[in-house]
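**Student:** predicted model follows, preceded by the sequence.
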Amino acid sequence: MNASNLGNYFEDFKKGDMIKHELSKTIFESDNNLFCLITMNYHPLHINIDYAGKSQFEKVVIVGTLVFSLAVGITVPDISGKAIANLSYENVEHLAPVFVNDTIYARTKILDIIESETKSDRGIIYVETTAYNQSGTDVLRFRRKVLVKKRCLHE
């Protein structure tokens, strides 16, 4: 058995490539409740069935930052497993509501690869990730820049 190889090196990324991530996660009511509690988001749309039932959605809506966090996490084995740092997140767009028992998947497009101007052992990848549900509906999109290690000569 081979050990897991978490992440990719800078040289592994090619501008224009699309990665369909293997990980996915069904969001359970308990996930949403715990996330709301630990982040202190007590909006009734996320935690009150009666309130949410009277909204335009007619049911509890999963808090958007949970969906964002899951989408980032789903990408770790492919995008940031060898990261030195996440440098920025931008253009976080909530495209459609997510509900209890929806399953979240993600795909990432490599928008650009940028050599470091100061250190030869790393580079920046600029990516756009789209999260979608079990029906194929895009629910969230964001871009980020990740500082990634380059492959050492002896590896």
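**Tutor:** Cool, got the structure. Residues are numbered from 1 along each chain as shown.
**Student:** so who does the spatially closest residue to R144 that is not a sequence neighbour touch?
**Tutor:** Residue nearest to R144 in three dimensions, not counting chain neighbours: Y89, with 4.8 Å by Cβ to Cβ, 6 or more residues apart in numbering. Yep, even glycine has a C-beta here, placed from its N, CA and C like the rest. By Cβ atoms under 8 Å, 6 or more residues apart in numbering, Y89 lies in contact with F142, R143, R144.
**Student:** go with 10 Å
**Tutor:** Residues near Y89 by Cβ atoms under 10 Å, 6 or more residues apart in numbering: F68, V72, T129, F142, R143, R144, K145.
**Student:** give the other helices and strands that the helix or strand hosting L111 contacts.
**Tutor:** Secondary-structure assignment from DSSP states H and E places L111 in strand 103-115. The contact analysis (3 or more Cβ pairs under 10 Å, 6 or more residues apart in numbering; DSSP states H and E) places strand 103-115 against strand 18-20, strand 25-26, helix 64-75, strand 122-132, strand 138-149.
**Student:** next one: whichever helix or strand comes after the second one to chain centre, how far?
**Tutor:** Meaning strand 25-26. Using DSSP H and E, the helix or strand that directly follows strand 25-26 along the chain is helix 29-39. On the basis of Cα atoms, centre = their mean, to the nearest Å, helix 29-39 sits 18 Å off its chain's mean C-alpha point.
**Student:** list the buried residues for helix 29-39?
**Tutor:** For helix 29-39, a neighbour-count test (16 or more other Cβ atoms under 10 Å) marks D31, N32, F35, C36 as buried.
**Student:** just checking, what packs against that helix?
**Tutor:** Judged by 3+ Cβ pairs under 10 Å, 6+ apart, helix 29-39 is in contact with helix 44-47, helix 64-75.
**Student:** pick the most deeply packed of those.
**Tutor:** helix 64-75 (a mean of 19; mean count of other Cβ atoms under 10 Å).
**Student:** mean confidence for that helix?
**Tutor:** Mean pLDDT, helix 64-75: 98.
**Student:** swap in stretch 134-142?
**Tutor:** Here the average pLDDT along stretch 134-142 is 98.
**Student:** that older thread, now the angle between strand 138-149 and the strand holding L111, please.
**Tutor:** On the basis of axes from the mean of the first three to the mean of the last three Cα atoms, to 10 degrees, strand 103-115 is oriented at 40 degrees to strand 138-149.
**Student:** much appreciated, bye for now.
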